[in-house]
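1. Have a look; sequence and predicted model below, questions after that.
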Amino acid sequence: MFGARMRIKLIGNPVSGGDARPRIQAALGTLRDLGCEVDLCMTAARGDARQAASLAVSEGYDRVVAAGGDGTLNEVVNGVVSPDLPIGFLPLGTVNVFALEAGIPLQLEKACAVAVQGVPRAITLGKINGELFLLMASAGWDAAAVAHVRPGLKKLLGRMAYAVSAVETLLFRPLSALQLQLPDGRCLKGFGVVVSNCRFYGGRYMVTPAASMFKDDLEVCLLCQGSRAALLRFALSLALKRPLRAPLVELLTVDEISLKGDGVAIQVDGDDFGTLPVLIEVVPRAITMMLPGDSFTERTVDVDSQVTR
């Protein structure tokens with residue numbers, strides 16, 4: 001089918017979405033049934049996926065396949081750091097935003113088929129303080145919610161644990177201002193910001209519907225008002241799919257942006273990234289991902305109704 005057998009490094013996070021071990025083992029069997037020679041690496045700690053992916057580059061594998069959530073895929077991307085080695089993704093995480101964005105099936109056997117037989121596409125990434133990100137970086141109350149989500153609650157409730165933490169943050173944690181420095185010299189003030197490479201945010205919510213991993217820029221949504229009532233309006237607008245409008249938000253397109261704010265939390269691809277300041281840049285066509293032939297770039301999707309510039 002493939003001539004010489006494709007050599008795949010399968011990097012699996014056994015705690016993605018709870019207990020992912022059975023699904024990772026099933027993926028191992030499916031990839032081998034597709035005619036591939038597969039070596040499995042199970043991660044045990046943060047950073048293991050990145051290290052395994054980096055070794056896969058030097059060891060001459062034909063493909064790296066990440067089995068886990070968006071955080072696992074983020075690590076693999078930072079380990080490969082090249083468009084020359086295609087990356088496949090098996091979405092086993094809590095939210096799986098990249099799979100939603102790219103149209104990768106959540107059904108395991110179909111995702112395995114895409115990882116092996118899909119279309120290789122060069123995609124654009126963001127870079128934050130030298131680290132690549134696949135989806136988004138956000139600072140403010142939502143990042144604080146990510147930082148303070150309780151692991152036990154996440155295991156029990158899955159993606160709903162983030163909603164619980166977001167409500168707790170909204171009601172009980174102090175709101176801090178932040179500053180955006182643009183390359184043209186403008187300085188903007190806000191109380192939360194999303195810098196995104198994709199349309200979806202935290203699941204199927206759209207904050208930056210003009211964003212695309214095939215464009216050479218990043219989209220920014222700045223929350224301009226800092227009251228708890230404003231945050232509630234923002235959250236309700238997302239939940240109810242209502243337009244986000246000025247003066248509540250301001251939308252920007254950038255290729256570079258600096259964020260500053262004393263002690264303001266920031267998250268990257270759904271994982272805590274500490275606090276500001278950070279420098280965010282776009283990196284066009286940074287990696288190659290295996291995507292479905294009918295990925296979202298080739299479908300007509302109605303995304304224009306949720307955000308009004």
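-> Happy to help now that I have it. Numbering: from 1, shown residues only.
2. Please count neighbours and contacts with C-alpha atoms only from this point.
-> Will do.
3. show me what contacts Ser196?
-> Taking CA atoms under 8 Å, 6 or more residues apart in numbering, we find Ser196 in contact with 135-137, 208, 211, 218-220.
4. Could you measure from it over to Ile257?
-> 12 Å (CA to CA, to the nearest Å).
5. and if you look at Gly103?
-> When distance is defined by CA to CA, Gly103 is 29 Å away from Ile257.
6. Please identify which helix or strand holds Glu109.
-> Using DSSP states H and E, Glu109 maps to helix 108-117.
7. hey, C-alpha coordinates of that helix in PDB?
-> What follows is helix 108-117, C-alpha atoms only, in PDB (Å, rounded to 0.1, in the frame of the first residue of the first chain):
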ATOM      1  CA  LEU A 108     -10.600   7.000  16.800                       C
ATOM      2  CA  GLU A 109     -10.400   4.800  13.700                       C
ATOM      3  CA  LYS A 110     -11.300   7.700  11.400                       C
ATOM      4  CA  ALA A 111      -8.700   9.900  13.100                       C
ATOM      5  CA  CYS A 112      -6.100   7.200  12.600                       C
ATOM      6  CA  ALA A 113      -6.900   7.100   8.900                       C
ATOM      7  CA  VAL A 114      -6.500  10.800   8.600                       C
ATOM      8  CA  ALA A 115      -3.100  10.600  10.400                       C
ATOM      9  CA  VAL A 116      -1.900   8.100   7.900                       C
ATOM     10  CA  GLN A 117      -3.800   8.800   4.700                       C
END
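8. Not counting it itself, show me its contacts.
-> When contacts are defined by CA under 8 Å, 6+ apart, helix 108-117 is touched by residues 23, 27, 30-31, 34, 65, 87-91, 104-105, 290-292.
9. Buried subset of those as a PyMOL selection?
-> Applying 16 or more other CA atoms under 10 Å to the contacts of helix 108-117, the buried members can be selected in PyMOL as follows:
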select buried, resi 23+27+30+31+34+65+87+88+89+90+91+104+105+290+291+292
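10. ok, so of the contacts of helix 108-117, who is nearest Leu10?
-> Nearest to Leu10 among those: Val65, at 4.8 Å, using CA to CA.
11. which SS class is the closest one?
-> Classification of Val65 using DSSP: H, G, I helix; E, B strand; the rest coil returns strand.
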